[in-house]
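Peer 1: Here is a sequence with its predicted model. Questions after.
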Amino acid sequence: MEETIQWAKALKEQCPEMTMQDALKAVAPVVNTPPSSNEVIVPKSKKALTAQKAAQGITGGLNRKSAQFAFSHIVQPERFGDMGKVVDAMNRYLVFHKSQMRVQNGRLFKNVVHFYLNLVPSKQGFMLIRESLYKALEVELPEGDSDLPNAPQSVAHLILKGFDYYTSQYNKRPEDILTGDQVIEAMGSVNQFRGLECVRRPAVVRSRGSRDMAVAFVDVWDSKTGSRTKDLVNKVYHIRGKLIKVEYARQREFVPQCQKCWKWNHGTSRCRLSHQLCARCSQPHKTKNHTIFATCCGAARKKEDWTGECKHEIKCINCKGNHTADSTKCTYKRHQNNISWHDQRRATDMAIKRRNAITGAELSTKHVNLMTSKLLKSLPLLNE
């Protein structure tokens, strides 16, 4: 209820003519009401809190109903020119062996070929998928080849605290700063970290408030459920004479901005527009073609001294400020990592739109009634 009142006050500040009651009615359908006072809030256990932190530190990988093959001397990208033909051949092999599993689609990635399945494959299912692929490629399965397709993986984001920022005790030169390769080498000296594969080179940054301490952000491949790293985190390890604490790196909140309509809270792939809007004037053309198609420069383009530069005032489509929609000066951009702020702003904007629509409808009704009365007065009276 307090959140609803706060949003209603924010709406009333923008629309002073509205009453507090009308503002509450406008905001109420948008705001999610908090739990009722009768609801019993059960505190989370230590295990539940650990699982929540793990979920924040692990990026979900591909769906488990899939299998992927790394490229080799047999599995080459050139063999998948007609992916539909390969998928059909694999499904015929699966039907022949009376399997309930089917290959729905296939896709080539940077170094693997990925197949989407209708079921989560077991170990026997992985073997059958491998046999069907070799059959579809019309090659024989190599003898002694026991490598199965890779199961889908996720990325675990780890943060290692306690490293020295400089590797030399006496020299503080740029070449003496700790590197990501040195972090990987140090992790390899600990038995618990052996077998982990890094997704990319670790990033080393100076600890906040310190001049000689560093933290390392390490992304490693993990299972879909995060079983490989869940026993490694929240512990302290003795690495190269230092006590290093390993934790999950919490991912920051992020609100996407569409690169088509320049609105927030949805990505470009989910935008309903079929064309792109200009970030300077919000008209239907690309930003780089603003001086060619913008109506504000229409008269200037006909002049002989046209320099090809727009000197008109820029207006942001979101905050109405004097900057482009993708500028870092925008209020929306400054709150890019604050989801609650964007939710509140969106609720306020929706309430204002609803109020404007109601006001416009009332004015339209009054105008129609006025025109109707004038029309009736102008008509001659009919003789009975």
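Peer 2: Now that the structure is in, tell me what you want to look at.

Peer 1: Can you pull the phi/psi pair for R194?
Peer 2: phi -70, psi 140 (degrees, to the nearest 10).

Peer 1: That one and I184: what is the separation?
Peer 2: Counting by Cβ to Cβ, to the nearest Å, the separation of R194 from I184 is 11 Å. (Glycine included, C-beta is placed from N, CA and C.)

Peer 1: the more surrounded of the two?
Peer 2: Neighbours per residue, other Cβ atoms under 10 Å: of R194 and I184, the larger number sits with I184, 16 against 9.

Peer 1: Identify the bridge partners of the closest residue in space to that one that isn't next to it in sequence.
Peer 2: Leaving out its chain neighbours, the residue that sits closest to I184 by Cβ to Cβ, 6 or more residues apart in numbering is C198, at 6.1 Å. In this entry, C198 is beta-bridged to V220, by DSSP bridges.

Peer 1: burial measure for C198, as a count.
Peer 2: Neighbour tally, C198, other Cβ under 10 Å: 15.

Peer 1: and this protein, what are its domains?
Peer 2: According to automatic domain parsing, the chain comprises the domains 66-136, 154-248, 252-299+310-350.

Peer 1: if we can go back for a sec, confirm for me that the residue nearest to I184 is in contact with V218.
Peer 2: Yes - using Cβ atoms under 8 Å, C198 is in contact with V218, at 6.4 Å.

Peer 1: Model confidence score at T59, please.
Peer 2: At T59, the model reports a pLDDT of 55.

Peer 1: ok, now R130?
Peer 2: Model confidence at R130, given as pLDDT, is 85.

Peer 1: For it, which three-state class applies?
Peer 2: helix (DSSP: H, G, I helix; E, B strand; the rest coil).

Peer 1: Next one: it from V113, what distance?
Peer 2: In terms of Cβ to Cβ, R130 sits 12 Å off from V113.

Peer 1: Next: G308.
Peer 2: Distance, G308 to V113, by Cβ to Cβ: 48 Å.

Peer 1: Which one's more surrounded, those two?
Peer 2: Between G308 and V113, counting by other Cβ under 10 Å, V113 is the more crowded of the two (22 against 9).

Peer 1: three-state assignment of that one?
Peer 2: strand.

Peer 1: for A67, same thing?
Peer 2: A67 is classified as strand under three-state DSSP.

Peer 1: And the pLDDT at it?
Peer 2: Model confidence at A67, given as pLDDT, is 80.

Peer 1: What of H238?
Peer 2: At H238, the model reports a pLDDT of 90.

Peer 1: go on, M90?
Peer 2: So M90 comes in at 91 (pLDDT).

Peer 1: For A299, what is the enclosing helix or strand?
Peer 2: Assigned by DSSP states H and E, A299 belongs to helix 298-301.

Peer 1: hang on, M213 packs against L178?
Peer 2: No - the pair M213 and L178 does not pass the contact test of Cβ under 8 Å, sitting 10.2 Å apart.

Peer 1: OK, contacts around L277?
Peer 2: Under the criterion of Cβ atoms under 8 Å, 6 or more residues apart in numbering, the neighbours of L277 are K260, C261, W262, Q283, P284, H285, I317.

Peer 1: try 6 Å
Peer 2: C261 (Cβ atoms under 6 Å, 6 or more residues apart in numbering).

Peer 1: That one should be in a strand, yeah?
Peer 2: No - using three-state DSSP, the secondary structure at L277 is coil, not a strand.

Peer 1: How much space separates it from I184?
Peer 2: L277 sits 45 Å away from I184, going by Cβ to Cβ.

Peer 1: now swap in A89 and tell me
Peer 2: A89 sits 41 Å away from I184, going by Cβ to Cβ.

Peer 1: likewise K311?
Peer 2: 54 Å.
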